[in-house]
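J.: need the 3D shape of this:
(one chain, ligands or ions: 2)
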Amino acid sequence: MSRDREEGDGKSRRGSYEQRFDRTSEVLLVRWHDNKVVNVMTNYDAADPPTSTTRYDRTAKKRLPIPQPKVLKTYNTGMGGVDLHDQLLGAYEVAIRGKKWYWCLITRMLDMAVVNSHILHKTAATGDQLSLINFRREIATTYLKAAACERDAARPLPSHIPASLRYDGVGHMLAPLNARRRCQLESCKLRSTKRCIKCDVAICFKCFAVYHGLSP
Ligand SMILES: [Zn+2]
Ligand SMILES: [Zn+2]
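T.: Ligands and ions are numbered 1, 2, ... in the order given. Modelled structure (predicted):
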């Protein structure tokens, strides 16, 4: 729909729309004449073919169908998800405030990634599903634990190893322990002189693979 014809009409017809496509950035701009002018930009949807919606018409005194660009239909269908996403983000936000203006963008992106990962977790998890707060705890614990593994091994041995660390199959190795400690495989009652350097738990040689989910 050309802009010239629109301007020639004096007032743009209800439901009419114009579009421009920027080939360089592959972004489509759509201007739709609803009650007010609605401008949208999209990098994955199209305006055509138009769908239809209804608006009250004062002359006809009833709701009449008017054309609506396809991208607006998609937006209205999907915005429920955006609302829900915002709500989930608000539940547990990164609370560290930075002085730089862009700090909130960084923490927002982290929060968004965590919320999206949690949605994937709920879709994919076969066993226990973690609540959002416990999911965040598990991520935090994993990173803290992974960082702690790089420090010395003189600290007390932890009791809980996040599953995402214990079963990730990366970097688990046996190393000697100074003293005998209770093997951390749930079904083992022995005391071991070995530990996993990544999980930092005491573990027997024969329990190592089972503990890490590498053999039944
Ligand atoms: Zn391990
Ligand atoms: Zn054992």
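
J.: which element is residue 179 on?
T.: According to DSSP states H and E, residue 179 maps onto strand 174-182.

J.: contacts for that strand?
T.: Defining contact as Cβ atoms under 8 Å, 6 or more residues apart in numbering, one finds that strand 174-182 is touched by 153, 157, 190-197, 202-203, 205, 208. Heads up, the C-betas are built off the backbone N, CA and C, glycines and all.

J.: near ligand 1, which residues of the protein are found?
T.: 172, 196, 198, 199 (Cβ under 5 Å from the ion).

J.: switch the cut-off to 8 Å
T.: 161, 165-166, 171-173, 196-201, 203, 208, 211-212 (Cβ under 8 Å from the ion).

J.: highest neighbour count among those residues?
T.: residue 203 (26 neighbours; other Cβ atoms under 10 Å).

J.: got the contact list for it?
T.: Going by Cβ under 8 Å, 6+ apart, residue 203 touches 174, 183, 184, 185, 192, 194, 195, 196, 211.

J.: do residue 53 as well
T.: 65, 66, 68, 73.

J.: narrow the contacts of residue 203 to those that are buried.
T.: Among the contacts of residue 203, those classed as buried by 16 or more other Cβ atoms under 10 Å are 183, 184, 185, 192, 194, 195, 196, 211.

J.: okay, and which of these map to helices?
T.: residue 211 (DSSP state H).

J.: so which strand or helix has residue 187?
T.: Using DSSP H and E, no helix or strand contains residue 187.

J.: how close does it sit to ligand 2?
T.: 8 Å (Cβ to the ion, to the nearest Å).

J.: can you count the residues close to that residue?
T.: Neighbourhood size, residue 187 [other Cβ under 10 Å]: 8.

J.: pLDDT score assigned to the residue lying farthest from the centre of the chain?
T.: Computed with Cα atoms, centre = their mean, the residue of the chain farthest from its C-alpha average is residue 59, at 47.3 Å. You'll see residue 59 listed with a pLDDT of 84.
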